[in-house]
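Student: show me the folded form of this:
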Amino acid sequence: MIFTKDYLNRTLCDVLEDMRKCDLTKNYSPMLGLIEEAQIMGNKMEAGLNDKRDVKHYKDKLKKLQKEYKKLYAKKEALKEELENE
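Tutor: Okay, here's the model as predicted:
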């Protein structure tokens, strides 16, 4: 299958432009398909934004857990050393 330049990296703006062309020619037969395509693209963008937010949240959580781990590890080493000295 050969892809044309128009469909290789199709954007939401391309879909909206096609909708405008439909209105210009008063040919509304492809409109439902274009609306569906625009909705899919919008959903993908929303999902991408949510994924980025989730990654930031988990990075922050990881930093907190690493700090907590370091404190607990240091405490464990101190207790181990205290037991060895008794």
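Student: quick one: low-confidence parts of this protein?
Tutor: Residue ranges of the chain with pLDDT under 70: 1-8.
Student: just the helices in it please.
Tutor: 5-8, 12-25, 31-85 (DSSP state H).
Student: report the angle between the last one and helix 12-25.
Tutor: Calculated by axes from the mean of the first three to the mean of the last three CA atoms, to 10 degrees, helix 31-85 forms an angle of 170 degrees with helix 12-25.
Student: distance from the chain centre to helix 31-85, please.
Tutor: 13 Å (CA atoms, centre = their mean, to the nearest Å).
Student: so which elements touch it?
Tutor: helix 12-25 (3 or more CB pairs under 8 Å, 6 or more residues apart in numbering; DSSP states H and E). Heads up, the C-betas are built off the backbone N, CA and C, glycines and all.
Student: and the helix it packs on, which residues are buried?
Tutor: The neighbour-count check on helix 12-25 (16 or more other CB atoms under 10 Å) flags 14-15, 18-19 as buried.
Student: repeat for stretch 33-43
Tutor: Per 16+ other CB under 10 Å, stretch 33-43 contains these buried residues: 34, 37-38, 41.
Student: which residues touch T11?
Tutor: Going by CB atoms under 8 Å, 6 or more residues apart in numbering, T11 touches M41.
Student: look up how far R53 lies from it.
Tutor: 22 Å (CB to CB, to the nearest Å).
Student: then L72?
Tutor: The value you get for L72 to R53, if CB to CB is used, is 29 Å.
Student: for N85, same thing?
Tutor: For N85 relative to R53 (CB to CB), the value is 49 Å.
Student: more neighbours: the two, which one.
Tutor: R53 (10 against 6; other CB atoms under 10 Å).
Student: widest-spaced pair of the buried residues of helix 12-25?
Tutor: D14 and M19 (9.9 Å; CB to CB).
Student: can you give me phi and psi for P30?
Tutor: phi -90, psi 0 (degrees, to the nearest 10).
Student: thanks again, I'm all set now.
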